[in-house]
Every structure is written in C-alpha cells, then in structure tokens.
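1. Turn this into a structure:
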Amino acid sequence: MSKRKLPTQKGLSRRAFLKTTGAAVSAGVVSGAAAELLNAQSTAKNKVAGPGEVPITLRVNGETHNLNVEPRVTLLDALRDRLDLTGAKKVCDRGTCGTCTVLVDGKAAYACSMLAIDAQGREILTIEGLAPEGELHPISAAFVENDAQQCGFCTPGFVMACKAYLDRNPNPTEAQAKKALGGNLCRCGTYIGVRAAVLDAAARMKGGR
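-> Alright, predicted model coming up:
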C-alpha cells in the first residue's frame, strides 16, 4: 500500500510564523519604554571616559587644578603624584586605616577609595590647606601638646577626621570622640593622646585657649 503524499505546504511555515510574529511583538515593545532605556544606555556608553588619560578639574585647598589622569586614578594618587600634596598617606589602600583622610565638601573621606574623576566639582581640603603656611591649626597644635603622635605617619588623617567631627560636634565627650575616630588606626597605639587632643582642640576652637 503506497503512502499518500502530503500536499506541499505553501505560505509561511509554523517556525517562520513564530519568528515573524515574535519579531513584530519585540518591535512593538522596543518602540515603547524599552526603546527609551536602550537609547539611554547607548547615550551612557558614548559618555564613557578612558581608558586613556582624560582632563579633569579638581578644587583643592581653595585652588583650581587642571589635570590629565586615567579614570581609574584615585583621589589619593592624584593628590600625591600629580599635585605633590603628600600629607594624606597611602597605607592600606583599601579604605580601612584612615591615613588618607581628607575633607570632601566638609565631610571626612578616604581619598584612596574615591576616584579623582568623581571628585570634580567638590571642595577638597587636605592637611596642607588646614592652616596658613608656617602656622598650626588649633587641632594640629592640640595633637602636638597632647603627644597624640609617635611616628606621625597617621597623624594627618587623624587631624582631618578630627576637623570634620568637631565641625559637626564642637563639644564632644571623650566617649563620643573615641567613637567618632573609630575609622582611623594608629599602629603606635597613641589613642589616649588622640582623644585628649580632640577635647583640647574643641576647647581651643571655642576660644578656651
């Protein structure tokens, strides 16, 4: 018994039909909110900086500096290697020790954990800009008089963290000072002197001394 041959199918196959309708549906979706998202992503890609050096402008200690850096360069490296501001130290380079502390818009920040390109348009203060050349800021003077440093390597970070804290709380207790500076480490262990310096500096900045 011979098999009956099926008639040749004309027009679109099931596979072709699904592909065509799927494309049509997709086109309808993309033409809506998804299209806006794709356009936004495309625009964002066009604004990607790097990988080579790009021009940036930093406002540091009241002065404007125009630099060319790779987008991966941290604020700490830009300060130290490009502007020769070496008060902020590079130790852990992981945002855990606080020796690179600077003020960004008045708030303490780890310079090793912030990209220089992201610091544009913000006011950056390093220990070099804390007081006029040849003079000591009351906080720095308090650190000296209270023996709040030994090797002194971490001291700039402590001083800047202290400055940010006293600007927020000008009359701290010792317990509050201890907690506030918990993000800064001293390998010499001069924490008692540091806490005394914070309280002394608070009095100096209020005109107590």
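2. tell me the domain ranges of this structure?
-> 54-129, 138-205 (automatic domain parsing).
3. Can you redo those domains as CSV, where the extra columns are mean pLDDT, distance to residue 47 and mean neighbour count?
-> (Each C-beta comes from the backbone N, C-alpha and C, glycine too.) Converted to CSV, these look like this (pLDDT from 0 to 100; distance: least, C-beta to C-beta, whole Å; neighbours: other C-beta atoms under 10 Å):
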stretch, mean pLDDT, distance to residue 47, mean neighbour count
domain 54-129, 97, 11, 18
domain 138-205, 95, 32, 19
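4. Phi first, then psi, for the residue positioned nearest the centre of the chain.
-> With distances taken as C-alpha atoms, centre = their mean, residue 114 lies nearest the centre of the chain, 2.6 Å away. As for residue 114, its main-chain torsions (degrees, to the nearest 10) stand at phi -130, psi 130.
5. ok, and the closest non-adjacent residue to it?
-> Leaving aside its sequence neighbours, residue 114 sits nearest to residue 75 (C-beta to C-beta, 6 or more residues apart in numbering; 4.5 Å).
6. Could you report the distance from the one you found to residue 48?
-> For residue 75, the distance to residue 48 equals 20 Å [C-beta to C-beta, to the nearest Å].
7. Check residue 161 too.
-> For residue 161 relative to residue 48 (C-beta to C-beta), the value is 34 Å.
8. now residue 149
-> Distance from residue 149 to residue 48, counting by C-beta to C-beta: 43 Å.
9. again with residue 74
-> 19 Å.
10. Which parts of this structure are strands?
-> Using DSSP state E, the strands of the chain run over residues 54-60, 63-69, 101-104, 107-110, 123-125.
11. Make CSV from these and add distance to residue 157 to it.
-> Formatted as CSV, the strands of the chain follow (distance: least, C-beta to C-beta, whole Å):
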stretch, distance to residue 157
strand 54-60, 16
strand 63-69, 21
strand 101-104, 4
strand 107-110, 9
strand 123-125, 13
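12. Let me know which of those strands is the nearest to residue 185.
-> Smallest distance to residue 185 across these (C-beta to C-beta): 11.0 Å, for strand 101-104.
13. Show me the contact partners of the closest one.
-> 75, 79, 88, 108-111, 114, 119, 122-127, 156-158, 160-161, 163-164, 183-184 (C-beta atoms under 8 Å, 6 or more residues apart in numbering).
14. Go through these and flag which are in helices.
-> The helices, defined by DSSP state H, take in 75, 156-158, 160-161, 163-164 from the contacts of strand 101-104.
15. ok, those vs residue 145, which is closest?
-> For the ones in helices among the contacts of strand 101-104, the nearest to residue 145 is residue 158 (14.6 Å; C-beta to C-beta).
16. pretty sure the closest one contacts residue 98?
-> Yes: counting by C-beta atoms under 8 Å, residue 158 does reach residue 98; the two are 7.4 Å apart.
17. ok, so of the ones in helices among the contacts of strand 101-104, who is nearest residue 92?
-> Nearest member of the ones in helices among the contacts of strand 101-104 to residue 92, counting by C-beta to C-beta, is residue 157, at 11.0 Å.
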